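Asker: Task: produce atomic coordinates for the following.
(one chain, ligands or ions: 2)
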Amino acid sequence: MPLVLGVETSCDETSVAVVNERREILHHAIYSQIEEHKKYKGVVPEIAARAHLVRLKELLNNVSVPLSEVDAFAATAGPGLIGGLNVGVMAAKSLSYTLNKPFLAINHLEGHALTPRLTNNVAFPYLLLLVSGGHSQIVWVKGLGQYQVLGSTIDDAVGEAFDKTAKVLGLPHPGGVALEKLAKTGDAAQYALPRPLCSKGDLRFSFSGLKTAVLKITEKPDFTPDRKPHLAAAFQETAANVLAYKIKQAMLLLKELQEAPTSLVIAGGVGANQTVREKLQQVAADYGWQFVAPPPKLCTDNGAMIAWAGVERLMAGKVSELSFKPTPRWPLSECVL
Ligand code: KG4
Ligand code: ZN
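Answerer: Ligands and ions are numbered 1, 2, ... in the order given. Below is the predicted model:
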């Protein structure tokens, strides 16, 4: 039974997991570098790379499954910050070379995209909303290595918009979680914010205007700190409504093409947001589709999703060469089998 160890180091989470073909997560450790980057209010690539090096050594020393039992070693090889990618890929390659087991170079976005198969055994094909700090994409997932991007952002990713809005509101990094917490005490109806590109059939996203609208409101003289929860709630509500509207357009398009997957899945860090999950759940229910959202811990960056993508690739017989070079840019559309 394939047992794969996965390493994730593409941004500011260092994570190692061991997953098997039966979708069992036998080991999972995530070290979040929040403290290292806090005072810079964002991720500093050089600091991230050094922290990955230190933490990954610790995490690999503490894997509860004997490494000799692992059948293949997988690592995120892109997209992401090159310093971190190099650290994770080098570690996985060294283990696979030393233990004479295959190496698997995994696309980070594919890791997110396949997570609902790990957590809920979702069958291909399915419609995926991939929403993270660097990406906002609607993807029609036809099979392993068959990802048709139906729409993506023309400016900011939605996670980036959450983070920038959080910063404007004076919230600590990482912004998405803090903004969701603040929004809980606010009334979204107090502000009407723009919903860019929300016209019928348009599957592109644009979030920079939404972020700018929030900034302009905070710059007005009558904006007092007690207004912050309302503005946070209005931002979150608007972003979630935009995501739900776009997904509805994609569902209608697929229906028109007579290509009808009936599962809608969400993946990526913003997928941890409760309001976003509820809105998508509603759209899916309106059209009689199944909605699948992994637990929040597996929406944000983690090693289990990389190990699982490794299991899927190993079972398909698609291992990588040890000469595979990590790459900061690796779109999902170029992630073929
Ligand atoms: O997938 P992820 O962990 O890393 C990337 O691949 O980018 O996503 C991180 C993004 C950040 O922008 C973060 O603010 C956002 O996901 N995020 C959230 C929440 N948790 C994480 N956004 C809104 N609500 C959340 N609860
Ligand atoms: Zn991610």
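Asker: What residues does the stretch 201-337 of the chain have near ligand 2?
Answerer: Proximity of the stretch 201-337 of the chain to ligand 2 is confined to residue 301 under the rule C-beta under 5 Å from the ion. For every residue, glycine as well, the C-beta is placed using N, CA and C.
Asker: so where's the stretch 201-337 of the chain uncertain?
Answerer: Counting by pLDDT under 70, the stretch 201-337 of the chain has low-confidence residues at 260.
Asker: How about it: which residue is closest to ligand 2?
Answerer: residue 301 (4.4 Å; C-beta to the ion).
Asker: Please identify the nearest residue in space to that residue, excluding sequence neighbours.
Answerer: residue 13 (4.2 Å; C-beta to C-beta, 6 or more residues apart in numbering).
Asker: Next: residue 164.
Answerer: Nearest residue to residue 164, sequence neighbours excluded (C-beta to C-beta, 6+ apart): residue 211, at 5.0 Å.
Asker: That neighbour: neighbouring residues, count only.
Answerer: Residues within reach of residue 211, counting by other C-beta atoms under 10 Å, total 21.
Asker: I'd assumed it was in a helix, is it?
Answerer: Yes. Checked against DSSP: H, G, I helix; E, B strand; the rest coil, residue 211 lies within a helix.
Asker: give the contact list for it.
Answerer: 156, 161, 164-165, 168 (C-beta atoms under 8 Å, 6 or more residues apart in numbering).
Asker: If any of those residues are buried, put those into a PyMOL selection.
Answerer: Remark: buried members of the contacts of residue 211, expressed as a PyMOL selection using 16 or more other C-beta atoms under 10 Å:
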select buried, resi 156+161+164+165+168
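Asker: Tell me the one among the contacts of residue 211 nearest to ligand 1.
Answerer: residue 161 (8.3 Å; C-beta to the nearest ligand atom).
Asker: Just the element for the closest one, please.
Answerer: helix 158-168 (DSSP states H and E).
Asker: So which elements touch that helix?
Answerer: Other elements packing on helix 158-168 under the criterion 3 or more C-beta pairs under 8 Å, 6 or more residues apart in numbering; DSSP states H and E are helix 175-183, helix 208-219, helix 228-256.
Asker: what is the mean pLDDT for that helix?
Answerer: Mean per-residue pLDDT for helix 158-168: 96.
Asker: how many neighbours does residue 182 have?
Answerer: For residue 182, using other C-beta under 10 Å, the count is 21.
Asker: right, and it touches residue 229 too?
Answerer: Yes. At 5.3 Å, residue 182 and residue 229 qualify as touching, with contact defined as C-beta atoms under 8 Å.
Asker: now the helix holding residue 161 and helix 175-183, what's the angle there?
Answerer: With axes from the mean of the first three to the mean of the last three C-alpha atoms, to 10 degrees defining the directions, helix 158-168 sits at 60 degrees from helix 175-183.
Asker: any idea how far residue 34 is from residue 310?
Answerer: 26 Å (C-beta to C-beta, to the nearest Å).
Asker: What does residue 128 show for phi and psi?
Answerer: With angles defined as degrees, to the nearest 10, residue 128 sits at phi -120, psi 130.
Asker: Quick one: residues contacting it.
Answerer: 113, 116, 137-141, 265-267.
Asker: For beta bridges, what are the partners of it?
Answerer: Beta-bridge partners for residue 128, by DSSP bridges, are residue 139, residue 265.
Asker: and what of residue 149?
Answerer: Judged by DSSP bridges, the bridge partners of residue 149 are residue 139.
Asker: Isn't it up against residue 138?
Answerer: Yes. Counting by C-beta under 8 Å, residue 149 touches residue 138, with 7.4 Å between them.
Asker: Between these two, point out the one with more neighbours.
Answerer: residue 138 (24 against 17).
Asker: Show the contacting residues for the more buried one.
Answerer: 127-130, 149-152, 203, 246-247, 250.
Asker: can you list those residues in TSV and add distance to residue 69?
Answerer: Below are those laid out as TSV (distance: C-beta to C-beta, whole Å):
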residue	distance to residue 69
127	37
128	32
129	36
130	32
149	37
150	40
151	42
152	40
203	44
246	44
247	41
250	42
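Asker: Just the buried residues out of these, in ChimeraX syntax.
Answerer: A single ChimeraX command selects the buried members of the contacts of residue 138 (16+ other C-beta under 10 Å):
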select :127,128,129,130,149,150,151,152,203,246,247,250
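Asker: ok, the contacts of residue 138 vs ligand 1, which is closest?
Answerer: Checking the contacts of residue 138 against ligand 1 with C-beta to the nearest ligand atom, the nearest one is residue 130 at 8.8 Å.
Asker: ok, and the closest non-adjacent residue to the closest one?
Answerer: Closest to residue 130 by C-beta to C-beta, 6+ apart is residue 137, at 4.6 Å.
Asker: my read is that neighbour is in a helix, agree?
Answerer: No. Under three-state DSSP, residue 137 falls outside any helix and is assigned strand.
Asker: Check the burial of it by counting its neighbours.
Answerer: Residues near residue 137, counting by other C-beta under 10 Å, number 26.
Asker: Surely it touches residue 332?
Answerer: Yes. Applying C-beta under 8 Å, one finds residue 137 in contact with residue 332, separated by 6.9 Å.
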